[in-house]
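Undergrad: I need the structure of the sequence given here:
(chains A and B, ligands or ions: 3)
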Amino acid sequence: MSELFAARTQMALSLGFHIVFAAVGMALPIMMLAAEGRWLRTGDGDALRLAKTWARVTAVLFAVGAVSGTALSFELGLLWPTFMEFAGPLFGLAFTMEGFAFFIEAIFLGLYLYGWNRLSPRAHWLCGIPVAVSGAASGILVLSANSWMQTPAGFDLTPEGRVVNVDPIAAFFNPAYGLMALHSTLSVYQAVGFAAAGVYAYALLRGRRPERAAYNRRALAIAMALGGVTAILQPIAGDRLAKQTTRHQPAKLAAMEAQFETERGAPLRIGGWPDEEGQRIDYAIEIPGLLSYLATGDFDGEVKGLADFPRDEWPPVRVVHVAFQVMVGCGVLMAALAVWFGVAWWRDRRAGRDPTARRGLLRALVLAAPLGFVAIEAGWTVTEVGRQPWIAYGVMRTAEGVTPATGVPVTLALFTLLYLGLTVTLIVLLRRLSRGEGDRARAADGPASAHAGGSHAGV
Amino acid sequence: MPAYEVVALVTLLGVLAYALLGGADFGGGVWDLFASGPRKEAQRRAIAVAMGPVWEANHVWLIFVIVVLFTAFPVAFRAMNVALFWPFHLVLVGIVLRGAAFAFRAHGHEAAGVPLDWGRVFGAASVITPVLLGASLGALSSGQVRVTDGVVAQGGETAWLGPFPLAVGVLALAVCAYLAAVYITLETEGPLREDFRRKGLWAWLVGGVVSLGTLLLTRTEAPRLWGALTTPPAGLVVVAGVLLAPASAVALWYRRFAWARVLAAGQVVLLLAGWAMAQWPFLIYPDLTVADSAAPPATLRAVLWVVPIGMLLLIPSLWYLFAVFKGENPSAARDAARDHERSAGR
Ligand code: HDD
Ligand code: HEM
Ligand code: HEM
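TA: Ligands and ions are numbered 1, 2, ... in the order given. Below you'll find the predicted structure:
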């Protein structure tokens, strides 16, 4: 395995791992706040229990998010030192600001998780707000660094390749930033909302503990409020983003759509299996003119094909195309499900029926639980693999940025084992938490049990 | 003062904050591993109670330092990451395992059957990580990492394995253990507090011996650093630090715990500041100075705008966190112990 390939794989592994926890760390606090807020307003004990369960899950996952994020900030330098020497002064500002967001998030999460008995209920709830806000802020800020890699800005290159006229503010507000930040921020709320909805839909379907039905319904409502709204907005944001990609990174768009030849009235190809060597795509469903319309706003617009680019500037077409199909497929399914859920909920509420009695809807929600996370991973694959062979689009190649150190395959193996171990442990842990074993242990703990970790019973 | 000097000072303050706060959390892990005697479990609980609400915030100081380094000193950052490829990777494994283990173990009593003894992992990772971080710092002062045109010369990647860097690593470990023991005396009472007082005194003794050894090694292994450490102005700061060291131990001996905390922290601040002054103007001795490796002025200016604004948010928040959970609060561990016994009894 080449050092470069190992470095790319290690980066992808670490980022793909981190984003799961980052997503939970951004979205779950909002649900936690909604539940605790309801308890404050109405005294609903189920809402309080929900807030505490979600706080406990956040406690464990946030810790993993924090340490895997730390690994990432080192890995930027360890794997891509030459790139960082170039990019650090340009996109570093985003990370510096993100650092403060991490501080605020970690501080108020500490207060929230361990402060149930030390703060008044209202102060406690208020401490959750900075957690949610700075979680969102850290996600939004780091996106500026990534969008800078897609559309590098804020500097000039001399003919010898020296960087001059550095303007970190222009780098921060690089052209791709706004829409990418919007789309990816929506994505974490959507993914966590659907995942949580799936868990509670499953519990309602099984109905093993009828006394908890109200609790599960409350949880499902909060989760779908977050997941449903974002799922409906997401395709709109995605469509805008695709138009932007057409302008900024035409080779990436061509790979996403397996568009080999430049063409007017290009068809949208759904599914299919691209053949890079043969420069064609098999088994795709083609809808005439639609790609031109989606990419340019005109059914007769011109879409650039890969053939217009030197062969050594093509991203891996198959990976990018398939990943894009997966993301969009998930997005369409989830948006449809969100509409179904919204209509059913509204109708049943008006008719005084219980919407969670619709078993078909619940089954669909269970099946949809992983789709948001699948779409996140697929979407990032589109963005990052589609950026290849550039580490900073059009300016520096990935191969130029990589470390000269030897031994990356070894560190890759090390990190693969590490993340596998953590994943297995987490699955075991979360299953136990979800079976409510945590609740019982907690109840026995009594008030002020400060045995490191999640929330404490008895407010 | 040129902008890069101000940013270098900000970076140093970040290192100091990490040493005082994050360092103590590593020390907590050390004492978790070496928990002993009849109150073993109570000791572990006291450590968990002390660390729980704050460790994640403390840990961000490390991220802050890394981020400021690559934003403001990209040339040195590149060289450092090539030379320290292995120790930094191992540090990461340590940090990931330690953080995850802490969180997993917090729920361990609910989740029997989780593979692996995460308590042990937490302790072991807490011992290894500060040694590696210390060795990395030592390597940058040792003169063994040579850099031309940003490229690290052959041999630089093993510099951290030299006797001097490794001695700095062991010293860092002893300092972490000492800080943790001293801090925890303020959050415990009775025999438990005596346990940590005794541990603190031991750590102080070991730390003293190690620092003497390290200093002797400096003479032969890092002669320039030795020269700078033993002459003013760095020399004066180091002497002040050396004087505070016994003072903090005396305070601990006489159970003036609040004093011991202030003096121990002061000692660490002075020693690190002395090291930084002796290292000045180099980031990586002898080839990369702070000035040579600095980012363009526009970037440095932007950092100097962002940091104060960020601090305006950070400092009151940190103050609130510590006001709620820290301060003299000997009953914290007692409450926890009581609750634990109650739950065990049912
Ligand atoms: C819940 C997750 C999710 C869902 C349902 C969607 N996306 Fe997405 N998409 C992401 C999550 C995501 C992402 C992981 O967040 C990405 C990666 C980088 C980014 O900014 O967002 C992304 C990137 C991304 C890009 C690449 C931008 C670039 O690299 O230049 C495009 C064109 C789209 N998306 C378009 C869509 C469309 C048309 C969707 C229609 C349903 C859609 N996405 C659903
Ligand atoms: C968390 C969500 C993210 C995921 C899942 C993700 C995914 C990936 C993947 C799959 C690769 C490998 C691409 C390849 O080599 O073929 C990669 C590379 C990389 N990403 Fe990301 N990325 C994410 C966010 C970011 C952000 C915010 C940055 C900001 C700096 C970033 C920086 C990099 C760098 C430096 C590389 C290595 C160079 C390269 O392979 O081009 N990524 N990422
Ligand atoms: C789109 C991609 C990313 C998003 C949305 C994101 C978001 C987050 C969030 C919300 C957290 C808080 C921890 C948690 O909630 O679990 C976090 C932690 C962290 N992230 Fe990311 N991140 C992304 C990519 C990256 C990248 C590329 C890096 C570094 C290069 C990074 C570095 C960090 C660090 C250092 C932490 C730890 C902060 C702490 O200790 O509290 N993240 N990230």
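Undergrad: So in chain B, which helix runs the longest?
TA: Selection of the longest helix in chain B by residue count, based on DSSP state H, yields helix B:190-221.
Undergrad: Give me the residue ranges of the stretch 1-150 of chain B where confidence is low.
TA: B:107-116 (pLDDT under 70).
Undergrad: just the helices in it please.
TA: With DSSP state H, counting those that start in this stretch as the criterion, the stretch 1-150 of chain B has helices at B:3-17, B:23-33, B:40-51, B:55-72, B:74-83, B:85-106, B:118-142.
Undergrad: Which one of these lies nearest to ligand 2?
TA: Comparison of the helices of the stretch 1-150 of chain B against ligand 2 by CB to the nearest ligand atom identifies helix B:55-72 as nearest, at 10.7 Å. Bear in mind the C-beta positions are built from the backbone N, C-alpha and C, glycine included.
Undergrad: Smallest gap between chain B and ligand 1, at which residue?
TA: residue B:67 (21.3 Å).
Undergrad: Now that residue: closest residue in space, sequence neighbours ignored.
TA: residue A:95 (4.4 Å; CB to CB, 6 or more residues apart in numbering or on different chains).
Undergrad: how close does that neighbour sit to ligand 3?
TA: Look at residue A:95 and ligand 3: by CB to the nearest ligand atom, to the nearest Å, they are 7 Å apart.
Undergrad: Neighbours of that residue, how many?
TA: 24 (other CB atoms under 10 Å in any protein chain shown).
Undergrad: Now name the helix or strand holding it.
TA: Using DSSP states H and E, residue A:95 maps to helix A:81-114.
Undergrad: What's the first helix or strand after that helix?
TA: Scanning onward from helix A:81-114 (DSSP H and E), the first element met is helix A:121-150.
Undergrad: can you give me the angle that next one makes with helix A:81-114?
TA: Orientation of helix A:121-150 against helix A:81-114 (axes from the mean of the first three to the mean of the last three CA atoms, to 10 degrees) gives an angle of 170 degrees.
Undergrad: And the very next helix or strand once past helix A:121-150, what does it pack against?
TA: Using DSSP H and E, the helix or strand that follows helix A:121-150 in sequence is strand A:156-157. Strand A:156-157 is packed against strand A:163-164, with contacts defined by 3 or more CB pairs under 8 Å, 6 or more residues apart in numbering or on different chains; DSSP states H and E.
Undergrad: gap between the strand it packs on and the chain center?
TA: 33 Å (CA atoms, centre = their mean, to the nearest Å).
Undergrad: Run through who's touching it.
TA: The contact list for strand A:163-164 (CB atoms under 8 Å, 6 or more residues apart in numbering or on different chains) reads A:86, A:89-90, A:155-158, B:296.
Undergrad: Parallel or antiparallel, list what pairs with it.
TA: Using DSSP bridges, strand A:163-164 pairs in its sheet with strand A:156-157 (antiparallel).
Undergrad: which other residues reach the partner strand?
TA: Contacts to strand A:156-157, defined as CB under 8 Å, 6+ apart, come from residues A:163-165, A:395.
Undergrad: roughly how far out does it sit from the chain middle?
TA: Averaging C-alpha positions (CA atoms, centre = their mean) puts strand A:156-157 33 Å from its chain's average.
Undergrad: again with stretch A:82-97
TA: Worked out by CA atoms, centre = their mean, stretch A:82-97 lies 22 Å from the chain centre.
Undergrad: next one: stretch A:174-184
TA: 13 Å.
Undergrad: re the thing from before, determine the angle, from 0 to 180 degrees, between the helix holding residue A:95 and helix B:55-72.
TA: Interaxial angle, helix A:81-114 versus helix B:55-72 (the same axes, to 10 degrees): 160 degrees.
Undergrad: tell me the contacts of residue A:338?
TA: By CB under 8 Å, 6+ apart, the residues touching residue A:338 are A:224, A:227-229, A:231-232.
Undergrad: is whichever strand or helix holds residue B:303 up against ligand 3 anywhere?
TA: According to DSSP H and E, residue B:303 maps onto helix B:297-325. No - figure legend: helix B:297-325 not in contact with ligand 3 (CB under 6 Å from any ligand atom); closest approach 12.7 Å.
Undergrad: Do a quick rundown of the strands in chain A.
TA: Along chain A, counting by DSSP state E, strands occupy A:156-157, A:163-164, A:263-264, A:268-270, A:273-275, A:280-282, A:285-287, A:302-303, A:390-392, A:396-397.
Undergrad: mind checking which of those strands is nearest residue A:250?
TA: For the strands of chain A, proximity to residue A:250 was assessed by CB to CB; strand A:302-303 is nearest, at 8.3 Å.
Undergrad: near ligand 1, which residues of chain B?
TA: Residues of chain B lying near ligand 1 (CB under 6 Å from any ligand atom): none found.
Undergrad: Report the closest residue of chain B relative to ligand 3.
TA: As assessed by CB to the nearest ligand atom, ligand 3 sits closest to residue B:63 within chain B, at 4.4 Å.
Undergrad: So what's the residue count around that residue?
TA: 23.
Undergrad: show me what contacts it?
TA: By CB under 8 Å, 6+ apart, the contact list for residue B:63 reads A:69-70, A:73, A:99, A:102.
Undergrad: Chain B next: which of those are close?
TA: A:69-70, A:73, A:99, A:102 (CB under 8 Å from any CB of the partner chain).
Undergrad: Include distance to ligand 3 when you put those residues into CSV, please.
TA: Shown next, in CSV, are these (distance: CB to the nearest ligand atom, whole Å):
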residue, distance to ligand 3
A:69, 2
A:70, 5
A:73, 4
A:99, 8
A:102, 4
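Undergrad: about what we covered before: got the contacts of strand A:156-157 as a markdown table, with distance to ligand 2, pLDDT and neighbour count columns?
TA: Listed next are these as a markdown table, based on distance: CB to the nearest ligand atom, whole Å; pLDDT from 0 to 100; neighbours: other CB atoms under 10 Å in any protein chain shown:
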| residue | distance to ligand 2 | pLDDT | neighbour count |
| --- | --- | --- | --- |
| A:163 | 17 | 90 | 18 |
| A:164 | 23 | 90 | 9 |
| A:165 | 22 | 91 | 12 |
| A:395 | 12 | 93 | 16 |
